[in-house]
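>>> Provided below for reference: sequence and predicted model.
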Amino acid sequence: MNVEAVELAQGVHWIGALDPDLREFDIILKTANGTTYNAYCVRGSEGVAVIDTVKENRAEDFFARLEQVAAYDEIKVIVLNHLEPDHTGALPELMRRAPNARLYISFKAQIMLKALLKSEELVYTTAKTGDTVSLGDRTLHFLHTPFLHWPDTQCTWLVESGILFSGDVFGCHFCDPRLFNDRVGDFRFSFEYYYQHIMRPFREHVLDALELIEPLDLRLIAPAHGPILRDAPGNYVRRYRQLAQPMLLNEAGDRAKTLLIFYLSSYGNTARMAQAVRDGAEEIDGVRASLFDLQGGEVAPFVDLVEEADGIAFGSPTINGDAVKPVWDLLSSLTMVNVREKLGAAFGSYGWSGEAVTMLEDRMRGLKLRVPVKGIRVKLIPTDEELTLCHAFGRELALHLTGQVTRKVITMEELNAQTSNSKEYLHA
Ligand code: FEO
């Protein structure tokens, strides 16, 4: 394989590695086009900086490229924009070969660095937005961009050259040895897919990062994966802005709270409960409740809705001791979006055991939703009295959404005291 370093600008080289055969990244991402681990070398009048490294199994290529453009004793600075192993696999060996280099990491990366290198006695410098390091005639300026994609992440701006070393931001898993966005194949799918899976759960952090990045006079974006964006780099910044904006118009109006009620029903019992919950919620001013039968829907559009909703409720029968699969499918898809602190609730009809409601509540708590109102279970066909309870349940959810009920902290004793009699929970 060709292991030439590739010049991006005078004194700036790509020294990363190609991984064309990778078909799955971090277990959860498909990588039909493989990936690249992009690392860079910047030469200044008073020293050399290496920005990021590569996955450990590609270290040989990285060092071969690095050695074409710098001697190890020239390296004064090693910048780690992100400490995930795909960018730090070659770090220990690089530190061994370049003992004059000082590490620069984001201030949020310290614990990770110690865990990564298994040492408490490391010498490094932490950086926050606005901090700089000089290479003589060139300046590295740090931008703190947490959660893109881990808490530790930062971007590094090479001021004089207008190059942003952006880490995972603006990256994608797409391997093409032609490297530059104006030369490689069509990578739009990979760019969008990467955003949806890596950046989307941290949409608010993307917006914060864009506030830092958009004012820059970008001449080139050098991400940690995929094509180097030298042709119209601003287009990718604008695309991130579009992707991070709310995708759907909030038809309920700016001040209304939205409650989405998803259900499945074998015999119409859970459906009747769902309708009563919806009717109860809609009685509260400032709440718009919507009902969706999961039997008739694809998961992806519902994920978009959930991302912008204030509360979600799931109605599921219990079948073979479990909630039904479409409900789990939707819940498992919610890892793609930020649902932290949204209101969650569950209800459902059951035949003999009725575990589904509790299981769904536990899962929602695991996703960091708040579940302030104990769910309702009804044995088989809901009576009028039980439908009244469902109605009251919907009202109470709406009152929580509008801040008219203060949050109640449920103790372990209360949690353990769950029984099949829903009435005692409803107004707890
Ligand atoms: Fe490319 Fe989050 O590591």
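Ah, there it is.
>>> helix, strand or coil for residue 260?
strand (DSSP: H, G, I helix; E, B strand; the rest coil).
>>> who's it bridged to?
Bridge pairing for residue 260 (DSSP bridges) gives the partners residue 290, residue 312.
>>> give the contact list for it.
Neighbour list for residue 260: 289, 290, 292, 302, 305, 306, 309, 311, 312, 313 [criterion: C-beta atoms under 8 Å, 6 or more residues apart in numbering]. All C-beta spots, glycine's among them, are computed from the backbone N, C-alpha and C.
>>> Apply 7 Å and report the result again.
By C-beta atoms under 7 Å, 6 or more residues apart in numbering, the contact set of residue 260 is 290, 292, 305, 306, 309, 312.
>>> what do you get for residue 95?
For residue 95, the contact set (C-beta under 7 Å, 6+ apart) comprises residue 101.
>>> Please name the nearest non-neighbouring residue to whatever residue of the chain ends up closest to the ligand.
Closest to the ligand within the chain is residue 84: 3.6 Å, counting by C-beta to the nearest ligand atom. The shortest distance from residue 84 to any residue other than its chain neighbours is 6.1 Å, reached at residue 150 (C-beta to C-beta, 6 or more residues apart in numbering).
>>> Tally up the residues packed near that neighbour, please.
By the criterion of other C-beta atoms under 10 Å, residue 150 has 17 neighbours.
>>> Helix, strand, or coil at it?
Going by three-state DSSP, the state assigned to residue 150 is coil.
>>> Am I right that it is in contact with residue 85?
No. Contact criterion C-beta atoms under 7 Å: residue 150 and residue 85 do not qualify, at 11.1 Å.
>>> Get me the contact residues on the chain for the ligand.
Listed as neighbours of the ligand in the chain under the rule C-beta under 6 Å from any ligand atom: 82, 84, 86, 87, 149, 150, 168, 224, 225.
>>> Dump these to JSON lines, plus pLDDT, distance to residue 238 and secondary structure.
Below are these laid out as JSON lines (pLDDT from 0 to 100; distance: C-beta to C-beta, whole Å; DSSP: H, G, I helix; E, B strand; the rest coil):
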{"residue": "82", "pLDDT": "97", "distance to residue 238": "23", "secondary structure": "coil"}
{"residue": "84", "pLDDT": "95", "distance to residue 238": "26", "secondary structure": "coil"}
{"residue": "86", "pLDDT": "96", "distance to residue 238": "27", "secondary structure": "helix"}
{"residue": "87", "pLDDT": "97", "distance to residue 238": "26", "secondary structure": "helix"}
{"residue": "149", "pLDDT": "89", "distance to residue 238": "20", "secondary structure": "coil"}
{"residue": "150", "pLDDT": "92", "distance to residue 238": "25", "secondary structure": "coil"}
{"residue": "168", "pLDDT": "97", "distance to residue 238": "18", "secondary structure": "coil"}
{"residue": "224", "pLDDT": "98", "distance to residue 238": "20", "secondary structure": "coil"}
{"residue": "225", "pLDDT": "98", "distance to residue 238": "20", "secondary structure": "coil"}
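>>> Work out the gap between the longest helix along the chain and the centre of the chain.
The longest helix of the chain (DSSP state H) is helix 384-401. Chain-centre distance of helix 384-401: 33 Å, with C-alpha atoms, centre = their mean, to the nearest Å.
>>> Mind listing what's buried along that helix?
386-387, 389-401 (16 or more other C-beta atoms under 10 Å).
>>> Residue 139: neighbour count?
Neighbours around residue 139, by other C-beta under 10 Å: 15.
>>> Hmm, residue 163 and it touching each other?
No. Judged on C-beta under 7 Å, residue 139 makes no contact with residue 163 at a distance of 11.5 Å.
>>> if we can go back for a sec, from the contacts of residue 260, which single one is nearest residue 199?
Of all the contacts of residue 260, residue 306 has the smallest distance to residue 199: 17.3 Å, by C-beta to C-beta.
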